[in-house]
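Asks: sequence first, then the predicted structure, then my questions.
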Amino acid sequence: MRRVSVLGATGSIGQNTLDLIARAPEAYQVVALTGGRNVAQLAEDAMKFRAELAVVADPALLPDLRDRLAGSGIAAAAGAEALEEAALRPADWVMSAIVGAAGLAPGLRALEQGATLALANKESMVCAGPLVLATAAAHGGRVLPVDSEHSAVFQALIGEDIACVERVILTASGGAFRDWPAEDLAHATPEQAATHPNWAMGQRITIDSASMFNKALEVIETKEFFDLRPDQIDVVVHPESLIHALVGFCDGALMAHMGAPDMRHAIGFALNHPGRAPLPVERLDLAKLAQLTFRPACETRWPALRLAREVMAAGGLAGAVFNAAKERALDAFIARQIGFLQMAEVVEQVLDRATGEPGLLQAGITLDNVRQADHFARRSADEIMTPT
Ligand SMILES: NC(=O)C1=CN([C@@H]2O[C@H](COP(=O)(O)OP(=O)(O)OC[C@H]3O[C@@H](n4cnc5c(N)ncnc54)[C@H](OP(=O)(O)O)[C@@H]3O)[C@@H](O)[C@H]2O)C=CC1
Ligand SMILES: CC(=O)[C@@H](O)[C@H](O)COP(=O)(O)O
Ligand SMILES: [Mn+2]
């Protein structure tokens with residue numbers, strides 16, 4: 001039996017992962033499940049999968065978790081340290097599906113104990129790509145991309161020489177507002193932004209899809225994962241979300257990865273790697289689909305894409321600053337403290353401040369330095385957003 005843990009088990013990726021695990025219960029021993037605040041879901045799944053340990057991020061919810069698990073023999077714990085301890089429990093395969101920079105340290109711990117890390121948490125690569133990959137290499141572990149575009153690129157590269165790759169094209173749905181007139185975007189609400197045209201995902205990534213911050217993070221994630229130059233990475237709007245990414249080779253060939261917009265494709269690929277196994281996903285009927293459409297991804301309409309290029313040019317800890325500023329701006333948008341378009345303005349101002357802060361971006365990519373850059377960015381974003 002393979003020992004598996006799911007970090008962020010109560011979320012969209014976590015639940016899809018458990019759905020696949022539930023279909024082959026004889027194949028897996030569930031070690032640890034973690035959640036942020038949804039104690040009811042966490043306890044239910046911990047009992048259903050007979051987990052060894054359940055951890056909730058919010059310490060105030062530990063008594064509730066303990067009550068729900070009473071008599072089950074499942075250990076309960078809470079807080080940031082307990083999340084890292086959960087990730088350190090020996091497991092063969094660990095799903096990293098906590099949302100945000102909070103997922104970085106537990107993912108690193110999973111790699112430190114030699115696990116294969118199935119990485120949905122794109123923020124880990126944006127904030128600390130070299131550290132994530134070096135940690136895997138140092139402990140004989142492996143990082144498998146779960147973000148659909150990166151899983152697509154990974155699959156298109158199997159058996160290929162990375163030196164023959166000319167370019168990678170990431171597709172973007174365009175999010176909730178892809179057909180809105182630009183002048184309406186200033187008045188977009190969090191509820192409107194949190195409605196994705198194709199994918200069922202958590203609230204935060206869905207809003208990031210609408211602002212293209214999701215794609216901006218993914219461009220940086222691509223550079224880090226596959227060690228490409230920024231000019232080798234393009235984005236194209238593809239409203240159907242059926243092609244997830246394309247790899248262009250030096251002979252002009254373009255290898256596209258297609259599939260229904262269902263994350264069990266990418267999760268299942270990482271779960272079954274290096275093999276493949278049947279997955280409960282829709283099979284595409286190409287004749288019925290009839291056509292696939294593409295549009296340019298305009299960096300004026302979606303300034304997040306331009307900012308991603310600036311972050312890659314700056315290098316170092318710029319990714320950690322970018323991500324943290326975006327997280328705070330997103331918090332503020334969800335809380336209706338700033339408008340939809342202001343998110344990118346705040347992030348740009350934080351990046352400017354960070355660039356002017358001696359040594360901040362150039363410090364080595366260690367967990368401590370990432371945390372320092374992250375704190376700087378959050379504090380700066382809060383100052384910028386505080387009305388004077
Ligand atoms: N959803 C998708 O299809 C895709 C997601 N991703 C990436 O995967 C990750 C997860 O996304 P998604 O599943 O949509 O997100 P969700 O919001 O649905 O789930 C997030 C998970 O993280 C937990 N969590 C939230 N905050 C914290 C915290 N501070 N500490 C510990 N745990 C926390 C949540 O707990 P709780 O709910 O209990 O509060 C939940 O288990 C993100 O990085 C996202 O960008 C990438 C590609 C596709
Ligand atoms: C499923 C997945 O990987 C998401 O990151 C997806 O890419 C979001 O869609 P868009 O950002 O293209 O709208
Ligand atoms: Mn994606």
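Replies: Good, I have the coordinates. The structure displayed is predicted, hence computed values, not measured ones. Ligands and ions are numbered 1, 2, ... in the order given.

Asks: quickly find the element holding Ala256.
Replies: Counting by DSSP states H and E, the element that carries Ala256 is strand 254-258.

Asks: the helix or strand just after that strand and ligand 1 in contact?
Replies: Counting by DSSP H and E, the next helix or strand C-terminal to strand 254-258 is helix 264-272. No. Using CB under 6 Å from any ligand atom, we find that helix 264-272 stays clear of ligand 1, coming within 7.5 Å at best. From N, CA and C alone the C-beta is placed, and that goes for glycine too.

Asks: packing partners for helix 264-272?
Replies: Contact here means 3 or more CB pairs under 8 Å, 6 or more residues apart in numbering; DSSP states H and E; on that basis helix 264-272 packs against helix 12-22, strand 93-96, strand 116-119, strand 142-145, helix 148-156.

Asks: let's see 10 Å
Replies: Helices and strands touching helix 264-272, as assessed by 3 or more CB pairs under 10 Å, 6 or more residues apart in numbering; DSSP states H and E, comprise helix 12-22, strand 93-96, strand 116-119, strand 142-145, helix 148-156, strand 254-258.

Asks: list the buried residues of the helix or strand just after that helix.
Replies: As assigned by DSSP H and E, the chain's next helix or strand after helix 264-272 is helix 286-289. By 16 or more other CB atoms under 10 Å, helix 286-289 has no buried positions at all.

Asks: do you know how far the residue located most distally from the centre of the chain is from ligand 2?
Replies: No residue in the chain sits farther from the centre than Gly71, which is 35.2 Å out by CA atoms, centre = their mean. Using CB to the nearest ligand atom, to the nearest Å, Gly71 is found at 38 Å from ligand 2.

Asks: contact residues of the chain facing ligand 1?
Replies: Going by CB under 6 Å from any ligand atom, the residues of the chain near ligand 1 are 8-14, 35-38, 57, 83, 97-99, 102, 120-123, 147-148, 199, 201-202, 204-205, 263.

Asks: quick check: angle from the strand holding Ala256 to helix 148-156?
Replies: 120 degrees (axes from the mean of the first three to the mean of the last three CA atoms, to 10 degrees).

Asks: partners of strand 254-258 in the sheet?
Replies: strand 243-249 (antiparallel) (DSSP bridges).

Asks: do any residues in the partner strand lie close to ligand 3?
Replies: No. Using CB under 5 Å from the ion, strand 243-249 stays clear of ligand 3, with a minimum separation of 7.6 Å.

Asks: quick one: mean pLDDT over the strand holding Ala256.
Replies: Average pLDDT, strand 254-258: 98.

Asks: one more: stretch 144-151?
Replies: Here the average pLDDT along stretch 144-151 is 98.

Asks: buried set for it?
Replies: For stretch 144-151, the neighbour count (16+ other CB under 10 Å) marks 144-151 as buried.

Asks: starting at the chain centroid, how far to it?
Replies: Distance of stretch 144-151 from the chain centroid (CA atoms, centre = their mean, to the nearest Å) equals 9 Å.

Asks: for ligand 1, what's the nearest residue on the chain?
Replies: As assessed by CB to the nearest ligand atom, ligand 1 sits closest to Gly11 within the chain, at 1.9 Å.

Asks: burial count for that residue?
Replies: Using other CB atoms under 10 Å, Gly11 has 24 other residues around it.

Asks: now which of the residues of the chain next to ligand 1 would you call buried?
Replies: 8-14, 35-36, 38, 57, 83, 97-99, 102, 120-123, 147-148, 199, 201-202, 204-205, 263.

Asks: which SS class is Phe340?
Replies: coil (DSSP: H, G, I helix; E, B strand; the rest coil).

Asks: could you report the neighbour count for it?
Replies: 21.

Asks: not counting its neighbours along the chain, what's nearest it?
Replies: Nearest residue to Phe340 in three dimensions, chain neighbours excluded: Ala188, at 4.1 Å (CB to CB, 6 or more residues apart in numbering).

Asks: can you check Val4 too?
Replies: Trp93 is the one closest to Val4 (CB to CB, 6+ apart), at 4.7 Å.

Asks: ok, which stretches of the stretch 1-150 of the chain are strands?
Replies: Counting by DSSP state E, counting those that start in this stretch, the segments of the stretch 1-150 of the chain that form strands are 2-7, 28-35, 53-56, 75-78, 93-96, 116-119, 142-145.

Asks: export those as a markdown table, with columns for distance to Arg378.
Replies: Shown next, in a markdown table, are the strands of the stretch 1-150 of the chain (distance: least, CB to CB, whole Å):
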| stretch | distance to Arg378 |
| --- | --- |
| strand 2-7 | 22 |
| strand 28-35 | 22 |
| strand 53-56 | 23 |
| strand 75-78 | 23 |
| strand 93-96 | 21 |
| strand 116-119 | 23 |
| strand 142-145 | 26 |
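
Asks: report the contact partners of Ala354.
Replies: 314, 316-318, 320-322, 324-325, 360-361, 373, 376-377, 380 (CB atoms under 10 Å, 6 or more residues apart in numbering).

Asks: also Arg306?
Replies: 212, 216, 298-300, 344, 348.

Asks: may I see those organised as a markdown table, with secondary structure, neighbour count and pLDDT added?
Replies: What follows is the contacts of Arg306, written out as a markdown table (DSSP: H, G, I helix; E, B strand; the rest coil; neighbours: other CB atoms under 10 Å; pLDDT from 0 to 100):
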| residue | secondary structure | neighbour count | pLDDT |
| --- | --- | --- | --- |
| Met212 | coil | 31 | 98 |
| Ala216 | helix | 30 | 99 |
| Cys298 | coil | 13 | 97 |
| Glu299 | coil | 16 | 97 |
| Thr300 | coil | 8 | 96 |
| Ala344 | helix | 22 | 98 |
| Glu348 | helix | 18 | 98 |
